[in-house]
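*Asks:* need a structure here:
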Amino acid sequence: MTTPPTRPEDRMSTVMWILIGVGVWILVALALALLLGRTVRLRDRQVPDPPEDRSSPGQERPVTPPPRCPPEPRSPRPPPGG
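*Replies:* The predicted model follows:
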């Protein structure tokens, strides 16, 4: 038994498959962008607002490093193998 020949109109052309692939790619990229944007907005709501007590908006207060404590003395170790 032989299969009947198919007409070119019955099969999807390569161009049609490429267009379908591009459309799916765009839909997935759009969904990912919306999900990422929503995640950023939700995370932004959790961060507290900066304090409003600055004298001018462009001037920041200097950061002072924490005081350094002297290191605690180590207890002497016995020599290795001894």
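*Asks:* from here on, just use CA atoms for contacts and neighbour counts.
*Replies:* OK.
*Asks:* who's in contact with the residue nearest the centre of the chain?
*Replies:* In the chain, the C-alpha closest to the average C-alpha coordinate belongs to residue 36, at a distance of 7.7 Å (Cα atoms, centre = their mean). Remark: with contacts taken as Cα atoms under 8 Å, 6 or more residues apart in numbering, residue 36 is in contact with nothing.
*Asks:* roughly how far apart are it and residue 21?
*Replies:* Counting by Cα to Cα, to the nearest Å, the separation of residue 36 from residue 21 is 22 Å.
*Asks:* mind checking how far residue 72 is from residue 44?
*Replies:* 42 Å.
*Asks:* so between these two, which is more surrounded?
*Replies:* residue 44 (11 against 6; other Cα atoms under 10 Å).
*Asks:* give me the low-pLDDT residue ranges for this structure?
*Replies:* By pLDDT under 70, the weakly predicted segments of the chain are 1-11, 53-61, 82.
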